[in-house]
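Novice: pasting the structure only:
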Ligand code: GLV
Ligand code: MG
């Protein structure tokens, strides 16, 4: 355990210092791409204009024979692309894999000054995060980087979920967490073969009325418990929470609902595995005109923000002003970055 201010000391001599403030970038969508597939990367410039973050994937989905090519191509493409204000992330291979050390040293050497975040899969314990943290720090020092590359954890094992409170508190290099429903399902022994989403047989029956009325089956959300636990761990450490993948690209409606649950619960964004999911995430991780109007009305009616008032027949007080401010702050960030999307609610913002 590191004590007090030592928590913010770099883990290698000469490595950059971590920042203590939260990353305030608008990150509604992290778009994954396979760097070695030309037909995908040919469209990367266009995609990066639309997405808040683009992420070169080196882990699952890239077969062992393509791992090194994907790593090299990610560097090549990243050097060429005009990122403007789009974030550049990568998902490296697991810390226990034969590729991890070379992934880190090559990427930090070649892209250290442009790479914002390294996503770490299959993390179970704080020790594993600190191991990666130290390796990254050593490489940052060797390459004389001025700014830390952040790490983002995928919560995708039962052990990780059990440890999430200590994982989220263990390093000042942490950017945030994403829930990884596919690996988590396998790790827990869930009886599914899906990437996110629910299951038609997971639900409850409405109460029986009488012998003749058919009871209603109501499908339930498989991820509520883990996602809520992860969001609390992130929020209490001032880092960000995200929903991970929704694998059924043809089910835009299901994807929208999954992302909306995450948005309402407190997530900042979600992954997109197909270009069609970028717009879904941008639509969902954005308050509606009604929500912005209502939030602005509450703030105005509450004046100095203390006491209690009635707005449209409902009691409002300090706590609802705080909630309203969450919505207004997000709306302002969206107006700044995406004026077109914020057209309908801009009139309620100062
Ligand atoms: C993501 O990596 C997942 O396993 O869902
Ligand atoms: Mg996974």
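Specialist: Looks like it arrived, so ask away. No experiment lies behind these values; they were computed from the predicted model shown. Ligands and ions are numbered 1, 2, ... in the order given.
Novice: rest of the way, CA atoms for contacts and neighbours
Specialist: Fine.
Novice: tell me where this protein is predicted with low confidence.
Specialist: Nowhere does the chain drop to pLDDT under 70.
Novice: next, count neighbours for residue 250.
Specialist: Counted with other Cα atoms under 10 Å, the neighbours of residue 250 add up to 11.
Novice: from ligand 1, how far off is it?
Specialist: Counting by Cα to the nearest ligand atom, to the nearest Å, the gap from residue 250 to ligand 1 is 18 Å.
Novice: and for residue 151?
Specialist: Distance from residue 151 to ligand 1, by Cα to the nearest ligand atom: 15 Å.
Novice: what do you get for residue 345?
Specialist: Distance, residue 345 to ligand 1, by Cα to the nearest ligand atom: 34 Å.
Novice: so that residue sits against residue 295, correct?
Specialist: No - using Cα atoms under 8 Å, residue 345 is not in contact with residue 295; the gap is 11.0 Å.
Novice: higher neighbour count, these two?
Specialist: Between residue 345 and residue 295, counted using other Cα under 10 Å, the more crowded position is residue 295 (23 against 19).
Novice: buried set for the strand or helix carrying that one?
Specialist: Assessed by DSSP states H and E, residue 295 sits inside helix 289-301. Of the residues in helix 289-301, 289, 291-299, 301 count as buried by neighbour count, 16 or more other Cα atoms under 10 Å.
Novice: strands along the protein, start to end?
Specialist: Taking DSSP state E, the strands of the chain run over residues 29-33, 53-57, 87-91, 117-120, 150-155, 174-179, 203-205, 217-219, 240-243, 269-272, 309-311, 314-316.
Novice: could I get those as CSV with mean neighbour count and distance to residue 185?
Specialist: Shown next, in CSV, are those (neighbours: other Cα atoms under 10 Å; distance: least, Cα to Cα, whole Å):
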stretch, mean neighbour count, distance to residue 185
strand 29-33, 24, 21
strand 53-57, 25, 21
strand 87-91, 23, 20
strand 117-120, 24, 18
strand 150-155, 25, 11
strand 174-179, 26, 11
strand 203-205, 12, 17
strand 217-219, 14, 17
strand 240-243, 28, 14
strand 269-272, 28, 17
strand 309-311, 14, 44
strand 314-316, 13, 40
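Novice: make a markdown table out of the ones you listed and add distance to residue 106.
Specialist: Shown next, in a markdown table, are the strands of the chain (distance: least, Cα to Cα, whole Å):
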| stretch | distance to residue 106 |
| --- | --- |
| strand 29-33 | 19 |
| strand 53-57 | 14 |
| strand 87-91 | 12 |
| strand 117-120 | 13 |
| strand 150-155 | 16 |
| strand 174-179 | 21 |
| strand 203-205 | 47 |
| strand 217-219 | 46 |
| strand 240-243 | 27 |
| strand 269-272 | 25 |
| strand 309-311 | 57 |
| strand 314-316 | 54 |
